[in-house]
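S.K.: Provided below are the primary sequence and the corresponding predicted coordinates.
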Protein chains: 2
Amino acid sequence: MMKLNDVAKLLINKDNILILIHRFPDGDALGCSYALCSALQSMGKKCKIGCADDVPQKFGYVKKVIVEQDFEPEYFVAVDVAASHLLGKLEQVYGDMVDLRIDHHGKSTPFAKENYVEPKSASCAEIIYLLIKEMGVNITPEMADCLFTGVSTDTGCFKFSNVTSRTHKIAAELMELGCNSAEICKVMFDTKSKSRIAIEKAVLDNLRFEFNGLCAIVTISLDMLAKTNAQEDDIDGISSLPRQIEGVEAGITLREIKSGEYKISFRTSDRFNAAAIAEKFGGGGHSAAAGCSISGNESDVVDTLLKEVEKSLRNRDMI
Amino acid sequence: MMKLNDVAKLLINKDNILILIHRFPDGDALGCSYALCSALQSMGKKCKIGCADDVPQKFGYVKKVIVEQDFEPEYFVAVDVAASHLLGKLEQVYGDMVDLRIDHHGKSTPFAKENYVEPKSASCAEIIYLLIKEMGVNITPEMADCLFTGVSTDTGCFKFSNVTSRTHKIAAELMELGCNSAEICKVMFDTKSKSRIAIEKAVLDNLRFEFNGLCAIVTISLDMLAKTNAQEDDIDGISSLPRQIEGVEAGITLREIKSGEYKISFRTSDRFNAAAIAEKFGGGGHSAAAGCSISGNESDVVDTLLKEVEKSLRNRDMI
């Protein structure tokens, strides 16, 4: 595999670079792509970012770190993209043109000519931080803001189990480089839109427990979304809610995608394998977080799911 | 002022030490006192902890780091205690006996013979971590668990504006020393009791906005507490909720203490002075967070409060 130093050397020798990120861009994709773009521009290169979707408003500040440049790209870098279909509508154009992929997703579908992947890195921003240093570029406070956005959002503000000591060390260094960490944390983790509050209330209104509280279920219906005017960003993380409740081993979120079709999210304790349940319905994921899609009316879908959960609970002598 | 090195030398020369912490002990008070006690015990000293209240269940693991010792204390250290009345029922016995106070609260009422205070330290655990190193004691994974508990809980998991680069550096070092950071974060920040969920729902049910959404108000009534079986721990942080809503400049929480008496919490943006409003009702606090008590029925109390908020909004040309 390439070393980070090889990646740095490679990029130093390229120009007219397009950095591609995944559709529905999150804090990590935006933070690391904009920081890298800024670093490459500061070296006198032409560089821009390609994304199928707009930058969500709350991340708007990352855009200030780069200069808009118009040019014909010659070198294509994908950052934080585990599979070409995640490029969204840009896949058709760039899906098979990616020269280099820099990522932290261990599970991926190969599509780039060269790859630099650190599956143990909590965020792609950690890798890009080290890469920018490796390229010998001075990290400005604005780049540090971008990178801190990635480091903090992909770890739930240093809460998730993906955090390593390196994560905290990099956060410390970004603070010393002048990032507005407190302001970023306030916007990302301490601000809720009115729609978010409304959808949380609606979700809590339909929260129900099964199997003596070992399983908790919530539904996000199209009707709830319409009534609360909630956007994608407003329901981010809601699927973690049922599992967070004390005593719950399996949390299930039904999200109505269209009438009669549900996207199911499973979040489970370490006594349960979420992926094993999701796979029974043609889905997949990790042991603690997995998903699938099921068609039917809500109560039938719930019944079907609960039968599988019940089997798992019985197999583990938990009921 | 004493230097940390002086504090280390002082403690190295003492024995039969009682470490006092504040009533209703939180993660920082518990984490740093138990870690310090463990460090002193590991040097062959007799040391124990005095607290007016029990260790809450979720912090139970800190108790494993020390050995229970029975002895007559000769040297008294207060940790994370800003005023002697915070010792609760232990104040009467020990209030004027404290030899050394180690703390991070800048505002305090003097009561100890000697003081080591770092107001810029996000937690007392940061100070105790450096002190234990200064005393030359090896930090065990169990001590690291205690210290990480303090470092993370007093910063809202690295979210609050009190976090410095030192906070992250210490978190990184504690992880390298073997603390169970992910497990601690899960228990502290990713677990909600059923009562917590129920009281959150009840609070959202009565959330109301005033002045075009610039002010949000919630009530926690005795009836709600009884119906949801919520304890003190379950309502921790709820007073931050109204202010977290996008566009809200002043968040007000009414907590019914007894029939006809309300404890009021103000949380405000930087365009507002929470303490200035609280002071009008005989309370006080900081510019972003303050409180007071008001007697009366709920709607009268709300009317009284809203009149003051309205004045502040008008003074700032916000309405």
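M.R.: Great, that's in hand.
S.K.: For chain B, give me its nearest residue in the stretch 1-150 of chain A.
M.R.: A:Lys58 (9.5 Å; CB to the nearest CB). (Glycine included, C-beta is placed from N, CA and C.)
S.K.: And what about that residue, helix, strand or coil?
M.R.: helix (DSSP: H, G, I helix; E, B strand; the rest coil).
S.K.: quick one, phi psi at the residue nearest to it when sequence neighbours are not counted?
M.R.: Closest residue to A:Lys58 apart from its sequence neighbours, by CB to CB, 6 or more residues apart in numbering or on different chains: A:Val187 at 5.7 Å. Phi and psi for A:Val187, reported as degrees, to the nearest 10, are phi -70, psi -40.
S.K.: was I right about A:Val187 contacting A:Gly60?
M.R.: No - look at A:Val187 against A:Gly60 with CB atoms under 8 Å: they stay out of range, at 10.1 Å.
S.K.: how distant is stretch A:70-86 from the center of its chain?
M.R.: Put simply, stretch A:70-86 sits 17 Å off its chain's centre (CA atoms, centre = their mean, to the nearest Å).
S.K.: hmm, back to that, show me which of A:Val187 and A:Gly60 is the more surrounded one.
M.R.: Relative neighbour count places A:Val187 above the other of A:Val187 and A:Gly60, with 15 against 11, counting by other CB atoms under 10 Å in any protein chain shown.
S.K.: Pull the contacting residues for A:Lys280.
M.R.: A:292, A:308 (CB atoms under 8 Å, 6 or more residues apart in numbering or on different chains).
S.K.: right, and A:Glu176 touches B:Ser165 too?
M.R.: Yes - judged on CB under 8 Å, A:Glu176 makes contact with B:Ser165 at a distance of 4.9 Å.
S.K.: if you count what's nearby, which of those two comes out ahead?
M.R.: Counted by other CB under 10 Å, A:Glu176 and B:Ser165 do not tie: B:Ser165 has more neighbours, with 18 against 14.
S.K.: Relative to B:Ala226, how far out is that one?
M.R.: Using CB to CB, to the nearest Å, one gets 45 Å for the distance from B:Ser165 to B:Ala226.
S.K.: tally of neighbours for A:Glu114?
M.R.: For A:Glu114, using other CB under 10 Å, the count is 15.
S.K.: wait, doesn't it sit right on A:Asp99?
M.R.: Yes - applying CB under 8 Å, one finds A:Glu114 in contact with A:Asp99, separated by 6.5 Å.
S.K.: Check the residue nearest to A:Lys58 and give its pLDDT.
M.R.: For A:Val187, the pLDDT comes out at 94.
S.K.: Please name the residues that touch the residue of the stretch 1-150 of chain A closest to chain B.
M.R.: Counted by CB under 8 Å, 6+ apart, A:Lys58 has contacts A:187-188, A:191, A:233.
S.K.: Could you dump these into TSV and include distance to A:Gly282 and secondary structure?
M.R.: Shown next, in TSV, are the contacts of A:Lys58 (distance: CB to CB, whole Å; DSSP: H, G, I helix; E, B strand; the rest coil):
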residue	distance to A:Gly282	secondary structure
A:Val187	37	helix
A:Met188	34	helix
A:Thr191	37	coil
A:Asp233	28	helix
